[in-house]
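Chemist: pasting the structure only:
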């Protein structure tokens with residue numbers, strides 16, 4: 001059984017954003033597709049026996065975001081606590 005507020009349903013029918021869309025647009029650097037790509041990258045590293053470190057994860061994330069955002073992406077990258 002799924003309960004759904006009638007307000008939520010009306011908002012969505014009128015073109016409103018889902019919670020996931022709102023979070024992507026307001027809080028995170030990565031889109032859902034980019035997150036999936038990063039997860040696949042992490043799983044590939046694990047399958048090959050490579051350890052996952054902040055720097056091994058940060059480089060592809062920075063590259064991906066630099067390609068998408070261009071000059072809007074900070075030159076320092078995603079930072080330490082992203």
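Modeler: Yep, it's here. Model, not experiment: these values are computed from the prediction.
Chemist: For the rest of this, base every contact and every neighbour count on C-alpha atoms.
Modeler: Fine.
Chemist: Against which helices or strands is the host helix or strand of residue 43 packed?
Modeler: Residue 43 belongs to helix 32-47 when elements are defined using DSSP states H and E. Other elements packing on helix 32-47 under the criterion 3 or more Cα pairs under 8 Å, 6 or more residues apart in numbering; DSSP states H and E are helix 54-69.
Chemist: buried sites along the helix it packs on?
Modeler: Using 16 or more other Cα atoms under 10 Å as the test for burial, helix 54-69 gives 58, 61-62, 64-66.
Chemist: same thing with stretch 1-13?
Modeler: Buried residues in stretch 1-13 (16+ other Cα under 10 Å): none.
Chemist: gap between that stretch and the chain center?
Modeler: On the basis of Cα atoms, centre = their mean, to the nearest Å, stretch 1-13 sits 25 Å off its chain's mean C-alpha point.
Chemist: repeat for stretch 32-44
Modeler: Relative to its chain's centre, stretch 32-44 lies at 9 Å (Cα atoms, centre = their mean).
Chemist: Need the contact partners of that stretch.
Modeler: 24, 52, 57, 60-61, 64 (Cα atoms under 8 Å, 6 or more residues apart in numbering).
Chemist: Show me what counts as buried in it.
Modeler: Those would be 38, 42, for stretch 32-44 by 16+ other Cα under 10 Å.
Chemist: Tell me which residue is most central in this structure.
Modeler: Of all residues in the chain, the one closest to the mean position by Cα atoms, centre = their mean is residue 30, 2.8 Å from it.
Chemist: how far away is it from residue 44?
Modeler: To residue 44, residue 30 is 19 Å away according to Cα to Cα, to the nearest Å.
Chemist: Could you let me know which of the buried residues of helix 54-69 ends up closest to residue 9?
Modeler: residue 65 (32.9 Å; Cα to Cα).
Chemist: Contacts only, for that closest one.
Modeler: Counting by Cα under 8 Å, 6+ apart, residue 65 makes contact with 29-30, 73.
Chemist: Check residue 45 too.
Modeler: So residue 45 contacts 51-52 (Cα under 8 Å, 6+ apart).
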